[in-house]
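*Asks:* Build me a model from this:
(one chain, ligands or ions: 1)
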Amino acid sequence: MTKVVIIGGGWAGCAAAISAKKAGAEVTLIERTDLLIGLGNVGGIMRNNGRYTATEENIALGAPELFDVTDSCARHKNIEFPGHKHATLYDVTQVEPTVRRLLKDKGINILFESRAIDIIKEDKKIKGIVLSDKSVIYGDVFIETTGSTGPMGNCLKYGNGCSMCILRCPSFGPRISISKRAGVEDILGKRGDESYGAFSGSCKLNKDSLSAEIVEKLNKEGVAVLRIPEEDINLGKLDIKVCQQYALKEFAENIVLLDTGHAKLMAPFYPLEKLRKIKGLENARYEDPYAGGKANSVRYLSIAPRNNSMKVRGVDNLLCAGEKSGLFVGHTEAIATGTLAGHNSVRLSLGVPLLELPRNLAIGDIIAFANEQIITEEGLKKRYTFAGSEFFQRMKSTGLYITDKEEIKRKISRVNLLGIYNEKLI
Ligand SMILES: Cc1cc2nc3c(=O)[nH]c(=O)nc-3n(C[C@H](O)[C@H](O)[C@H](O)COP(=O)(O)OP(=O)(O)OC[C@H]3O[C@@H](n4cnc5c(N)ncnc54)[C@H](O)[C@@H]3O)c2cc1C
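*Replies:* Next up, the predicted model:
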């Protein structure tokens with residue numbers, strides 16, 4: 001039986017594990033921490049803007065599992081906040097154990113607290129992954145879903161220092177680039193001012209530290225918009241964000257809080273003294289990152305060159321997905337690319353043509369579009385998400401943005417791809 005080894009248990013790795021398993025492989029998922037879903041543990045926003053379309057496309061293609069989880073763990077459905085429509089907010093305190101049970105029930109072998117540090121390679125083929133305890137996990141096909149952050153040193157070099165975020169590098173060790181170990185140079189995303197990487201775009205406040213009035217509003221409506229005092233408005237700060245879909249004036253003039261179990265503050269970081277000037281936030285304190293008053297993690301420092309079937313160029317048996325596979329932002333983007341990579345890992349092992357999704361689907365188009373853009377100087381400064389900025393505009397202008405589930409199903413049926421991810425290939 002084909003053995004698929006996935007390195008990195010974020011949303012992309014979990015999605016790849018499920019689709020590779022469904023296609024008939026024996027699957028091992030290697031995760032350096034004690035939690036699955038990676039950055040998804042501090043996220044929560046789903047189905048906003050074009051992510052709705054992408055979610056329904058992935059479901060119609062035959063991979064509903066992870067979206068069923070996020071929908072079932074939703075605290076709020078169909079809400080609006082500045083620039084964003086029909087969003088679902090999942091509860092970050094509930095999702096991870098649910099995903100963990102799902103993967104275990106499917107028979108996926110998960111190795112926690114197992115950090116990949118190197119590879120064993122013969123010619124252009126990876127044979128095995130070396131873990132920090134020096135044991136080796138051998139496989140036929142490998143999928144890298146290690147995200148795009150670097151080791152903690154990158155947050156010191158390109159950010160404001162280690163902010164003590166969900167990645168927990170001091171405890172679980174640094175991320176490494178598997179593709180680079182295999183001899184393929186990483187691509188680095190840039191900011192407008194040519195510096196490398198980008199700050200993660202949101203922090204979480206502990207809800208118990210907010211006023212009763214704000215907590216009630218969050219619990220009831222999912223959103224609270226609080227005006228920032230005139231002297232503290234800083235429009236320049238929008239440029240440093242990863243999440244260009246939230247780089248709108250409204251986010252510079254207001255504190256936008258979303259209820260994801262914690263209160264998600266839509267800014268990379270915000271000085272505590274200034275935050276506490278705002279009514280209802282007098283006692284506010286950060287939950288993630290702990291040093292959210294000063295810094296956040298820095299991402300997009302390690303992207304692998306790939307084709308549109310998610311295969312890494314220059315290595316015969318390595319695929320990639322999620323942030324590692326492009327300047328993608330988002331859980332939905334990670335799940336959609338991860339699902340395709342998992343399915344294609346089995347095709348690759350069988351020597352049959354890999355699946356490439358057509359560009360009249362939002363998922364197919366973002367995969368191809370991000371690939372075209374990443375080779376340009378300007379494209380390196382952009383981020384690609386169904387939820388906003390350039391790609392959502394593109395979805396709207398090309399008719400890819402559809403919110404009618406039946407229409408999406410019909411579209412996928414017309415290209416003969418309905419339920420393709422359910423096909424057992426072995
Ligand atoms: C603070 C914050 C809030 C966000 N909010 C949202 C949101 O609300 N909605 C949304 O859609 N997106 C959000 N995002 C973006 C989104 O979370 C990411 O784009 C997406 O989850 C990336 O998934 P991934 O699987 O590619 O990478 P990651 O989530 O980074 O997962 C990579 C995994 O690989 C593991 N790993 C790394 N190196 C190794 C190694 N050497 N050996 C073994 N394992 C390794 C890591 O521990 C991690 O679990 C947010 C991001 C941040 C930082």
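
*Asks:* For the ligand, what is the nearest residue in the stretch 301-426 of the chain?
*Replies:* Closest approach of the stretch 301-426 of the chain to the ligand (Cβ to the nearest ligand atom) occurs at residue 322, with a separation of 2.1 Å. (Each C-beta comes from the backbone N, C-alpha and C, glycine too.)

*Asks:* Chain neighbours aside, what residue packs nearest to that residue?
*Replies:* Distances taken as Cβ to Cβ, 6 or more residues apart in numbering place residue 12 nearest to residue 322, at 2.7 Å, with adjacent residues excluded.

*Asks:* Mind listing what's buried along stretch 189-209?
*Replies:* 189-191, 196-205, 207, 209 (16 or more other Cβ atoms under 10 Å).

*Asks:* again but with stretch 6-22, I slipped
*Replies:* Buried residues in stretch 6-22 (16+ other Cβ under 10 Å): 6-22.

*Asks:* Within reach of the ligand, which of these are there?
*Replies:* 7-13 (Cβ under 6 Å from any ligand atom).

*Asks:* From the residues you listed, which land in helices?
*Replies:* Secondary structure assignment by DSSP state H places 11-13 of these in helices.

*Asks:* Could you measure from residue 32 over to residue 405?
*Replies:* 37 Å (Cβ to Cβ, to the nearest Å).

*Asks:* that older thread, ok, of the buried residues of stretch 189-209, which one's closest to the ligand?
*Replies:* Relative to the ligand, the closest of those is residue 200; by Cβ to the nearest ligand atom it sits at 3.4 Å.

*Asks:* On the pLDDT front, check that closest one for me.
*Replies:* The confidence metric pLDDT takes the value 94 at residue 200.

*Asks:* What residues of the helix or strand bottoming out on mean pLDDT in the chain count as buried?
*Replies:* Lowest by mean pLDDT, DSSP states H and E among the helices and strands of the chain is helix 249-253, with a mean of 86. For helix 249-253, the neighbour count (16+ other Cβ under 10 Å) marks 251-253 as buried.

*Asks:* Enumerate every residue touching residue 225.
*Replies:* By Cβ atoms under 8 Å, 6 or more residues apart in numbering, the contact set of residue 225 is 81-82, 250, 254-257.

*Asks:* Surely it forms part of a helix?
*Replies:* No - under the criterion used here (DSSP: H, G, I helix; E, B strand; the rest coil), residue 225 is strand, not part of a helix.

*Asks:* measure it to the ligand for me?
*Replies:* Distance, residue 225 to the ligand, by Cβ to the nearest ligand atom, to the nearest Å: 17 Å.

*Asks:* now residue 264
*Replies:* According to Cβ to the nearest ligand atom, residue 264 and the ligand sit 7 Å apart.

*Asks:* circling back to that earlier point, please give me every residue in contact with the residue of the stretch 301-426 of the chain closest to the ligand.
*Replies:* 8, 10-13, 145, 147, 328, 333-334, 337-338.

*Asks:* Going by distance to residue 292, which of the residues you listed wins?
*Replies:* Closest approach between those and residue 292, by Cβ to Cβ: residue 147, at 19.4 Å.

*Asks:* Show me where the stretch 201-350 of the chain dips below the pLDDT cut-off.
*Replies:* 235-247 (pLDDT under 70).

*Asks:* For it, which residues are neighbours of the ligand?
*Replies:* Checking the stretch 201-350 of the chain against the ligand by Cβ under 6 Å from any ligand atom, the hits are 202, 297, 322-324, 329-332, 334.

*Asks:* Using TSV, lay out those together with secondary structure and distance to residue 366.
*Replies:* Below are these laid out as TSV (DSSP: H, G, I helix; E, B strand; the rest coil; distance: Cβ to Cβ, whole Å):
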residue	secondary structure	distance to residue 366
202	coil	21
297	coil	23
322	helix	13
323	helix	13
324	helix	15
329	coil	11
330	coil	10
331	helix	14
332	helix	10
334	helix	12
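
*Asks:* farthest pair in the residues you listed?
*Replies:* 202 and 324 (20.7 Å).

*Asks:* before we move on, the earlier item: compare neighbour counts for residue 32 and residue 405 and give me the winner.
*Replies:* residue 32 (27 against 14; other Cβ atoms under 10 Å).
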